[in-house]
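Undergrad: Mind looking at a prediction? Sequence and model below.
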Amino acid sequence: MKKAPLLTAKYVPTYVFVTSLFLLWGVAITMGDLLNRRFQTVLNVSIADSGLVQFSIFGAYFVMGIPAGLFMKKYGYKNGVLLGLALYAIGAFMFYPAAEAQSFDFFRLALFVLACGLATLETVAHPFSAALGHEETSEQRINLSQTFNGVGAIIGPVLGSYIMLRNVPTGDVVADLAPVKYLYIVIGAVVAAVAISFSFIKVPPLTSEASETDEAASAMPQKGLFAHRHFIWAAIAQFFNVAAQGATWAFFINYAVKYIPDMTDEKAGYYFAFSMVLLLAGRAVGTFLMRFIKPNILLAIFAGANIVMCLIISQTWGWTSFIALMMLNFFMSIMFPTIFGLGLRNLGPLKPQASSYIVMGVVGGAVFPPIMGKVADIDVAQSYLMPIICYVVILLFGLVFSKPKN
């Protein structure tokens, strides 16, 4: 049987634009992890309380998931994108008054608004990318789009490390927060420019190409969304996936500075950026391997690998453990898009609604870092045993619960 193509020519322009959105929120998500360290050193926030940065970001996904899906259903993909970009820009501009007020809570509010924009973009972009071609290659398309999310995830920490972590705090809080507010003003201006430009672009009507399995599913009586077991488990797996991701990234710099000799905040930020290169490489390798290995099986293999990485990290074997910490991103790389793609399989017209719920699973990134931060306040290395719970759930999803049932 001939394999379905990844893309057909008529969808390429639309797919290119949708993929660019993945880059934009990649920058913002990883920048939040550098803010953890900046707030610790400038605003004297504890490691545990700094985890509330992730609570603000990923909590917005829980709040905004369903409203974004409903908005997209009523007003379409284009207006959904414009709403997401507008909230993204507004949240970025709010960093200026937050810095002037020297308020950690104000910064968290700004991050919440910004992340509401990110949640809206993700709710729109994932089903959009999945629908631009055959069902059989939907996970590959999402993984390819997520590769550019990886590019944004590299730009974020490199830019943030240079601007936010380069200078040692002077003791003048206003001066120490100046790099943060000016950086986010620039980010807000760029995002606003993208939104204005896109408002003038005419997006053609979307006509997805159904696979044989999708056509067969459409011919059957349509079940309710929550009657699809694989969708429910995808939302659960996404919760644990982003829980592990958020916690891993939140305390990366703390681990590096504590356990690697002569490591500074700025150097650790650059290593964090390099770990995002590994994430990008993992997505490229994973997209290629899915031509030969079923996505759910590859997901389980990568989850198993990260269980091993967490065990090595907890042992504090110097550079060996630190390399394992960076390698978490390589094996984490395919998890978000693959779980998303597997969860949307054979859902037909239910995909936009399903996307909203799977995006809400991202709230795991709000819940887990503060809990892991309590352990990290005592022992950063041992705290990295906690994500093993998350990877066990993902492994089980890949092996047992990801296959659609009629």
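TA: Received the coordinates, thanks.
Undergrad: Quick check: next helix or strand after the lowest-mean-pLDDT helix or strand in the chain?
TA: The weakest-scoring helix or strand in the chain, judged by mean pLDDT, DSSP states H and E, is helix 212-219 (a mean of 46). Later in the chain than helix 212-219, the nearest helix or strand by DSSP states H and E is helix 229-250.
Undergrad: what mean pLDDT does the helix or strand hosting residue 389 have?
TA: Counting by DSSP H and E, the element that carries residue 389 is helix 387-396. Helix 387-396 shows a mean pLDDT of 96.
Undergrad: Begin at 778, not 1, for the rest of this chat.
TA: I'll keep to 778 as the first residue from here, and by that count the last item is helix 1164-1173.
Undergrad: who's in contact with that helix?
TA: Residues from elsewhere that reach helix 1164-1173 (Cβ atoms under 8 Å, 6 or more residues apart in numbering): 1013-1014, 1017-1018, 1020-1021, 1024-1025, 1076-1077, 1080-1081, 1083-1084, 1087-1088, 1105, 1112, 1116, 1141, 1145, 1149. In this view, the C-beta of every residue, glycine as well, is placed from N, C-alpha and C.
Undergrad: at 6 Å what do you get?
TA: With contact meaning Cβ atoms under 6 Å, 6 or more residues apart in numbering, helix 1164-1173 is reached by 1014, 1017-1018, 1020-1021, 1077, 1080-1081, 1083-1084, 1087.
Undergrad: Turn those residues into JSON lines, columns for pLDDT and distance to residue 852.
TA: Converted to JSON lines, these look like this (pLDDT from 0 to 100; distance: Cβ to Cβ, whole Å):
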{"residue": "1014", "pLDDT": "96", "distance to residue 852": "30"}
{"residue": "1017", "pLDDT": "96", "distance to residue 852": "32"}
{"residue": "1018", "pLDDT": "95", "distance to residue 852": "29"}
{"residue": "1020", "pLDDT": "92", "distance to residue 852": "31"}
{"residue": "1021", "pLDDT": "94", "distance to residue 852": "34"}
{"residue": "1077", "pLDDT": "97", "distance to residue 852": "38"}
{"residue": "1080", "pLDDT": "97", "distance to residue 852": "37"}
{"residue": "1081", "pLDDT": "97", "distance to residue 852": "42"}
{"residue": "1083", "pLDDT": "97", "distance to residue 852": "39"}
{"residue": "1084", "pLDDT": "98", "distance to residue 852": "42"}
{"residue": "1087", "pLDDT": "97", "distance to residue 852": "42"}
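Undergrad: Would you mind giving me the PyMOL syntax to select the buried ones in those residues?
TA: Buried members of the contacts of helix 1164-1173, defined by 16 or more other Cβ atoms under 10 Å, are picked up in PyMOL with:
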select buried, resi 1014+1017+1018+1020+1021+1077+1080+1081+1083+1084+1087
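Undergrad: Looking at the contacts of helix 1164-1173, spot the one nearest residue 871.
TA: Closest approach between the contacts of helix 1164-1173 and residue 871, by Cβ to Cβ: residue 1020, at 26.3 Å.
Undergrad: Isn't that closest one up against residue 1143?
TA: No: counting by Cβ atoms under 6 Å, residue 1020 stays clear of residue 1143, with 8.7 Å between them.
Undergrad: how about residue 977, phi and psi?
TA: Here is the backbone geometry of residue 977 (degrees, to the nearest 10): phi -90, psi 0.
Undergrad: okay, it: pLDDT?
TA: Looking at residue 977, its pLDDT stands at 81.
Undergrad: Tell me, how many residues neighbour it?
TA: Using other Cβ atoms under 10 Å, residue 977 has 6 neighbouring residues.
Undergrad: Now for residue 938: which residues touch it?
TA: Shown in contact with residue 938 (Cβ under 6 Å, 6+ apart): 1043, 1046-1047.
Undergrad: Out of these, grab the one that's most surrounded.
TA: Going by other Cβ under 10 Å, residue 1046 tops the contacts of residue 938 with 25 neighbours.
Undergrad: Excluding chain neighbours, what is closest to it?
TA: With sequence-adjacent residues excluded and distances taken as Cβ to Cβ, 6 or more residues apart in numbering, residue 1046 is closest to residue 938, at 2.8 Å.
Undergrad: now swap in residue 819 and tell me
TA: Per Cβ to Cβ, 6+ apart, closest to residue 819 is residue 953, 4.4 Å.
Undergrad: Could you check the pLDDT of that neighbour?
TA: In this model, residue 953 is scored at 71, pLDDT.
Undergrad: list the buried ones in the helix holding residue 1166?
TA: Buried positions in helix 1164-1173, judged by neighbour count with 16+ other Cβ under 10 Å: 1164-1165, 1167-1168, 1170-1173.
Undergrad: just the residues you listed now: which is nearest residue 894?
TA: The shortest approach to residue 894 among the buried residues of helix 1164-1173 belongs to residue 1167, at 25.9 Å (Cβ to Cβ).
Undergrad: Against residue 1161, how distant is that closest one?
TA: Distance, residue 1167 to residue 1161, using Cβ to Cβ, to the nearest Å: 11 Å.
Undergrad: So for the helix or strand harbouring residue 812, what gets flagged as buried?
TA: Per DSSP H and E: residue 812 is located in helix 789-819. For helix 789-819, a neighbour-count test (16+ other Cβ under 10 Å) marks 791-792, 794-796, 798-817, 819 as buried.
Undergrad: following it, which helix or strand shows up next?
TA: Once the chain leaves helix 789-819, the next helix or strand it forms, by DSSP H and E, is helix 824-827.
Undergrad: For whichever helix or strand comes after that next one, give the mean pLDDT please.
TA: Once helix 824-827 ends, the next helix or strand along the chain (criterion: DSSP H and E) is helix 829-870. For helix 829-870, the mean pLDDT works out to 86.
Undergrad: now helix 829-870: how far from the chain's centre is it?
TA: Distance of helix 829-870 from the chain centroid (Cα atoms, centre = their mean, to the nearest Å) equals 14 Å.
Undergrad: again with stretch 1075-1091
TA: 19 Å.
Undergrad: what's in contact with that stretch?
TA: Applying Cβ under 6 Å, 6+ apart, the contact partners of stretch 1075-1091 are 1066, 1098, 1101-1102, 1104-1105, 1108, 1111, 1115, 1158-1159, 1161-1162, 1164-1165, 1168, 1171-1172, 1175-1176.
Undergrad: ok so, going back, list the buried residues of the strand or helix carrying the residue nearest to residue 1046.
TA: Here residue 938 sits within helix 915-941, counting by DSSP H and E. With burial defined by 16+ other Cβ under 10 Å, the residues of helix 915-941 counted as buried are 915-938, 940-941.
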